[in-house]
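Student: Sequence unavailable; structure follows:
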């Protein structure tokens, strides 16, 4: 496994965040489920990028 860079993290976080927030997903719980099903098993997506995206999504859906 290659070492993840900050650029990898941000690229993957941005990809996930954009995909989720431009979809019909209405709340964080649903977003978290989609991320877990769709991205965690994909080893081409950085683990730190997934974690960062989940934190961003939690803030995005907060109060909605």
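Tutor: Happy to help now that I have it. Quantities reported herein were computed from a predicted structural model and do not represent experimental measurements. Residues are numbered from 1 along each chain as shown.
Student: From here on, just use CA atoms for contacts and neighbour counts.
Tutor: OK.
Student: residue nearest the centroid of the protein?
Tutor: With distances taken as C-alpha atoms, centre = their mean, the residue of the chain nearest its centroid is residue 53 (3.4 Å).
Student: Run a quick neighbour tally on the nearest residue to it once chain neighbours are set aside.
Tutor: For residue 53, the nearest residue in space outside its immediate sequence neighbours is residue 13; the separation is 4.5 Å by C-alpha to C-alpha, 6 or more residues apart in numbering. For residue 13, the neighbour count with other C-alpha atoms under 10 Å is 25.
Student: quick one on the thing from earlier: buried ones in the helix or strand encompassing the residue nearest to the centre of the chain, by neighbour count?
Tutor: Assigned by DSSP states H and E, residue 53 falls within helix 47-61. Taking 16 or more other C-alpha atoms under 10 Å as the neighbour-count basis, helix 47-61 is seen to contain the buried residues 47-54, 56-58.
Student: swap in stretch 27-39?
Tutor: Taking 16+ other C-alpha under 10 Å as the criterion, stretch 27-39 shows 27-28, 31-32, 35, 39 as buried.
Student: ditto for stretch 3-11
Tutor: Along stretch 3-11, the positions that meet the burial threshold by neighbour count (16+ other C-alpha under 10 Å) are 8-10.
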